[in-house]
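Trainee: Okay, here's the prediction I keep looking at, along with the sequence it came from:
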Amino acid sequence: EQHRMVLRHRYRPSPGTTVTSSIAPKLFKTIFRQQSEEIGLDNGFKLEVQGVDLRETIDMEISDWLTFSAGAELDMVDATVSIAFPIPTELKKYPSPAFDFTDNQDISELTEGYNHAYWAELILKPHESLKLIPGLRLQRFDVGSFQDYGIQPRITARWEVTEETALKLAFGLYDKSPEARFTARTTGNPNLKPLRAQHYVAGFEHWFNELIQLDLQFFYNKRYRLPTPSTKVTFENGVAEYEWFNSRGSGQAYGLELLLRALPEPNGWYYGWVSYTLSKATVRDQLRDFSGSRGGGGRSPNNSGTDELETYTSNFDQPHILTVVAQFELPWSLEFGFRFRYVSGNPTTDLTQAANTLDVDGGDYEVDTSSIARNSSRLPDFHQLDLRIDKNFTFDTWKLACFLEVLNAYNASNVEAYNYSYDYRQKSAFTL
């Protein structure tokens, strides 16, 4: 659930100078809950973030070849994390596990955030065909007990080789504070580092005519200081202190993006675009154990886990993404449009392919995840066709717009996840 409103004011104190102010209150909620009346299970996770974003920018056109821009941003939030979950252990008794799924431990923590950033950039045009945009962003993170800063240089270049073709290059460092659930004192680690990403982009644009444009970009994104689960435990005055997470995670993504656009003519009857992305994304973080779970999870710091790292396909790796959008004008002020999407299935760990054993003492099956690579399988590919027809009614002083939209026109059953049988030998698809 997300709510956000933006109020913006812009004025020009002098020729060539523009000052823009904006304020944006926001409210975000994330809720996950498990319930079962038969066994009295009722646990879950809730994150509620409310706050306001303030932004002030100034743009100054100093000369025909030089423009200066600068700004300041302030992000004030209150984040409340509420957790009601049992804490798992490996203690067992015959003939059933000693672990009680209904014995919840309730944890609630309020985190106040006060992030602010200051940035500046120059728009240089040393030649009519060349544009350079160097910039620098200084950012301070102050979220509860998590405090750090980031220095982020960036640069973009564009060279119009001919009237029809342009080359583009870009590089930038981007920092981001970890989510509140990773830095909360009771369930996370306030000593984490800000997430960092290095972006590299190279590409070109080409206009076949005034209406048809091709845009091709190659990208590489290196990420590091990602939060990853930790099994480290320290003891202070006889009390166990769990690290829960550290910043040893990393990842990378690379590929290309292709966009072919047909722009609308002044009196034309159609427009649309086709986009295609080819990419590969991997993550490196703690070697996890899915034993005893029905589809995911990880080791608790209470057991003998290991902080060994592994590299695997990212949960968000989608090698192929194809989108086709078109809009057509029809008689009687009608418009017809469609959108078709095709996306590679998300990676998943197929537990039916892993070795499993029956724990006689515990009375349940456990999966040996060391026998199968993490995210080594994929869900079936996603595809969907959406249709829409619009009708506009124009009156002297007002206009009425009506539309009919059909989502998933051919009723495709796209698999979102798998549910596993008690012995992990069979699975059933959960579709939307």
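Mentor: Cool, got the structure. Residues are numbered from 1 along each chain as shown.
Trainee: Would you mind listing where the stretch 1-150 of the chain has pLDDT under the threshold?
Mentor: 35-41, 85-104 (pLDDT under 70).
Trainee: try 80 this time
Mentor: For the stretch 1-150 of the chain, the stretches with pLDDT under 80 are 32-45, 81-111, 144.
Trainee: Tell me where it has strands.
Mentor: Using DSSP state E, counting those that start in this stretch, the strands of the stretch 1-150 of the chain run over residues 2-4, 7-14, 17-36, 41-63, 66-85, 105-127, 130-143, 146-160.
Trainee: out of the ones you listed, which comes closest to Ala166?
Mentor: strand 146-160 (4.6 Å; CB to CB). C-beta coordinates here come from the backbone N, C-alpha and C atoms, glycine included.
Trainee: Quick check: which helices or strands does the closest one pack against?
Mentor: Secondary-structure packing of strand 146-160 (3 or more CB pairs under 8 Å, 6 or more residues apart in numbering; DSSP states H and E): strand 130-143, strand 165-176.
Trainee: Dump these into CSV; add mean neighbour count as well.
Mentor: Formatted as CSV, those follow (neighbours: other CB atoms under 10 Å):
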stretch, mean neighbour count
strand 130-143, 17
strand 165-176, 16
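Trainee: Compare those and give me the one nearest Arg374.
Mentor: Within those, the stretch nearest Arg374 is strand 165-176; the backing value is 24.4 Å (CB to CB).
Trainee: any idea of the mean pLDDT in the closest one?
Mentor: Averaged across strand 165-176, the pLDDT comes to 97.
Trainee: Sheet partners, orientation included, of it?
Mentor: Using DSSP bridges, strand 165-176 pairs in its sheet with strand 146-160 (antiparallel), strand 195-207 (antiparallel).
Trainee: follow-up on the earlier one: looking at the helices and strands packed on strand 146-160, spot the one closest to Lys399.
Mentor: Here strand 165-176 is closest among the helices and strands packed on strand 146-160 (CB to CB), at 37.6 Å.
Trainee: what about that closest one, distance to the chain center?
Mentor: Chain-centre distance of strand 165-176: 19 Å, with CA atoms, centre = their mean, to the nearest Å.
Trainee: now what about that strand, what contacts it?
Mentor: 139, 141, 150-161, 194-207, 217 (CB atoms under 8 Å, 6 or more residues apart in numbering).
Trainee: From the residues you listed, list the buried ones, please.
Mentor: When the contacts of strand 165-176 are checked for burial by 16 or more other CB atoms under 10 Å, the buried set is 139, 141, 150, 152, 154, 156-158, 194-197, 199, 201-205, 207, 217.
Trainee: can you put the strands paired with strand 165-176 in a markdown table and add distance to Leu130?
Mentor: Shown next, in a markdown table, are the strands paired with strand 165-176 (distance: least, CB to CB, whole Å):
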| stretch | distance to Leu130 |
| --- | --- |
| strand 146-160 | 5 |
| strand 195-207 | 14 |
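Trainee: What segments of the stretch 151-300 of the chain are helices?
Mentor: For the stretch 151-300 of the chain, the helices defined by DSSP state H, counting those that start in this stretch cover 180-183.
Trainee: any weak-confidence spans in it?
Mentor: 180-181, 184-187, 287-300.
Trainee: Could you double-check that Glu405 sits in contact with Leu385?
Mentor: No. Using CB atoms under 8 Å, Glu405 is not in contact with Leu385; the gap is 11.9 Å.
Trainee: Which of these two has more residues huddled nearby?
Mentor: Set side by side, Glu405 and Leu385 show more neighbours around Leu385, with 17 against 11, by other CB atoms under 10 Å.
Trainee: Give me the buried positions along stretch 16-34.
Mentor: In stretch 16-34, counting by 16+ other CB under 10 Å, buried: 19, 26.
Trainee: whoops, stretch 264-274 was the one
Mentor: Within stretch 264-274, the residues scored as buried using 16+ other CB under 10 Å are 271-273.
Trainee: Next: stretch 347-355.
Mentor: 347-352, 354.
Trainee: now do stretch 55-74
Mentor: Across stretch 55-74, burial judged by 16+ other CB under 10 Å covers 55, 57, 59, 67, 69-71, 73.
Trainee: Determine which two of those are furthest apart.
Mentor: Among the buried residues of stretch 55-74, Thr67 and Glu73 lie farthest apart (CB to CB), at 19.8 Å.
Trainee: So for Tyr224, which of the strands paired with strand 165-176 sits nearest?
Mentor: Across the strands paired with strand 165-176, closest to Tyr224 is strand 195-207 (CB to CB), at 5.7 Å.
Trainee: Run the chain-centre distance for the closest one.
Mentor: The answer for strand 195-207 is 18 Å, by CA atoms, centre = their mean.
Trainee: I'd like to know how far Ala417 sits from Asn408.
Mentor: Distance from Ala417 to Asn408, counting by CB to CB, to the nearest Å: 18 Å.
Trainee: swap that for Ser333, please
Mentor: 27 Å.
Trainee: neighbour count winner among these two?
Mentor: Per other CB under 10 Å, whichever of Ser333 and Asn408 has more neighbours is Asn408, with 14 against 11.
Trainee: tell me the secondary structure for that one?
Mentor: Counting by DSSP: H, G, I helix; E, B strand; the rest coil, the backbone at Asn408 sits in coil.
Trainee: Tell me the confidence at it?
Mentor: 95.
Trainee: now the one 3 residues further on
Mentor: Per-residue confidence (pLDDT) for Asn411: 94.
Trainee: In contact with the nearest residue to Phe382 once chain neighbours are set aside, which residues?
Mentor: With CB to CB, 6 or more residues apart in numbering as the criterion, Phe382 has its nearest non-adjacent residue at 4.3 Å, and that residue is Val343. Contact analysis of Val343 by CB under 8 Å, 6+ apart lists 318, 320-322, 381-383.
Trainee: On the pLDDT front, check the spatially most central residue of the chain for me.
Mentor: The chain has Phe316 as the residue nearest its centroid, 8.6 Å off, counting by CA atoms, centre = their mean. Per-residue pLDDT puts Phe316 at 92.
Trainee: How many neighbouring residues does the spatially closest residue to it that is not a sequence neighbour have?
Mentor: Nearest residue to Phe316 in three dimensions, chain neighbours excluded: Ala281, at 6.2 Å (CB to CB, 6+ apart). Other residues near Ala281 number 19, with proximity taken as other CB under 10 Å.
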